[in-house]
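J.: model the following, please.
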Amino acid sequence: MKNEINEAYEAAENGSSQDAKRKVVVPGEIIVSGDDYLPGENARREGGNIVAGKFGLAEEAGRVVRIIPISGAFVARRNNVVIGRVIDITYSGWLIDIDSASSAFLSIDESPRFINKNEMDQFLAIGDVISAKIWGVKSKGIDLTLKGKGLGKLEGGFIFRIIPSRVPRVIGREGSMVNLIKERTGCNITVGQNGWVWIKGPSTDAEIKARQAVNFVSEKVHVTGLTEKVEEWFEENE
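T.: Numbers count the residues shown, from 1 in each chain. Model prediction:
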């Protein structure tokens, strides 16, 4: 059953965003009925029904039904890309604040190039902001890596927070929403799964507009036809 769910969900993810239907649901609410549907993340089957396990946005993507939570803290998962700030340097790596209950550690071995242990602060100093990937989640903490495309130190710009559970809507299917905001503002934008957002643009005005657009999406995650509403927002705020 698990493989069947994964295959169906992957097929839905590869499809058009127009195939997905969304609505706000509360825990215990019946989303759909019928054996043709499969429960995805935060959903479960009860008899012939697929039922919501959390308050959030129910999404029907092909045969799979999942819930995107509207509120809630960040739960670290392997392969999540997160944004964090260096808070300390040890003999073997850096301690990173990623706004999680567990501490995060970036080993010197997980940097993309050789780093002399006597010059670690020249690569990453306290206060520096990075984009990193989670490669391990343990009871004692979270392990990060900088080995991967788009990972590393984020220089310039600024960071701010949104509710972590709303990140999927801000990113959009296959990056459609964040790419729209990038195109309309000319800004570089990185959205971490932990809810931290980094923006760097050609001007302060462009950065402010990009942040306003991200907040607009974050506040309206329950709205259908959100892409069209964001495009209208940009037209009204030219």
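J.: any buried residues in stretch 150-158, and which?
T.: Of the residues in stretch 150-158, those scored as buried under the neighbour-count criterion (16 or more other Cβ atoms under 10 Å) are 151, 152, 154, 157. Any C-beta I mention is one placed from the backbone N, CA and C, and that applies to glycine too.
J.: taking these together, which two end up most distant?
T.: Using Cβ to Cβ, the buried residues of stretch 150-158 span at most 16.0 Å, a distance reached by 151 and 157.
J.: who does residue 95 form a beta bridge with?
T.: Applying DSSP bridges to residue 95 gives these bridge partners: residue 88, residue 105.
J.: residues in contact with it?
T.: Contacts for residue 95 were tallied using Cβ atoms under 8 Å, 6 or more residues apart in numbering; they are 86, 87, 88, 89, 103, 104, 105, 106.
J.: centre of the chain to the longest helix seen in the chain, how far?
T.: The single longest helix within the chain, with elements called by DSSP state H, is helix 204-219. What separates the centre of helix 204-219 from the centre of its chain is 16 Å, taken as Cα atoms, centre = their mean, to the nearest Å.
J.: dump that helix to CSV, keeping only the CA atoms.
T.: In CSV, the C-alpha atoms belonging to helix 204-219 read as follows (Å, rounded to 0.1, in the frame of the first residue of the first chain):
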residue,chain,number,x,y,z
THR,A,204,15.4,48.1,-1.6
ASP,A,205,12.0,48.7,-3.3
ALA,A,206,12.2,45.4,-5.2
GLU,A,207,13.1,43.6,-2.0
ILE,A,208,10.2,45.2,-0.1
LYS,A,209,7.7,44.3,-2.9
ALA,A,210,9.0,40.7,-2.9
ARG,A,211,8.6,40.4,0.9
GLN,A,212,5.0,41.8,0.6
ALA,A,213,4.2,39.3,-2.1
VAL,A,214,5.5,36.4,0.0
ASN,A,215,3.5,37.6,3.0
PHE,A,216,0.4,38.0,0.7
VAL,A,217,0.7,34.3,-0.3
SER,A,218,1.4,33.2,3.3
GLU,A,219,-1.7,34.9,4.6
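J.: for residue 124, which residues are in contact?
T.: Taking Cβ under 8 Å, 6+ apart as the contact definition, residue 124 lies against 86, 89, 94, 106, 130, 153.
J.: same list, those residues, but as a markdown table with distance to residue 212 and pLDDT please.
T.: Below are the contacts of residue 124 laid out as a markdown table (distance: Cβ to Cβ, whole Å; pLDDT from 0 to 100):
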| residue | distance to residue 212 | pLDDT |
| --- | --- | --- |
| 86 | 28 | 96 |
| 89 | 35 | 95 |
| 94 | 32 | 96 |
| 106 | 32 | 96 |
| 130 | 25 | 96 |
| 153 | 26 | 96 |
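J.: farthest pair in the residues you listed?
T.: Among those, the pair separated by the greatest distance (Cβ to Cβ) is 89 and 153, at 14.0 Å.
J.: I'd like the average pLDDT over stretch 166-185.
T.: In this model, stretch 166-185 carries a mean pLDDT of 92.
J.: now do the same end-to-end measure for that stretch.
T.: Its first and final residues considered, stretch 166-185 spans 21 Å by Cα to Cα, to the nearest Å.
J.: in that stretch, which residues are buried?
T.: Taking 16+ other Cβ under 10 Å as the basis for neighbour counts, the residues of stretch 166-185 that come out buried are 166-173, 177-178, 180-182, 184-185.
J.: closest one to residue 34 out of those residues, please.
T.: Distance to residue 34 across the buried residues of stretch 166-185 (Cβ to Cβ) is lowest for residue 173, with 24.0 Å.
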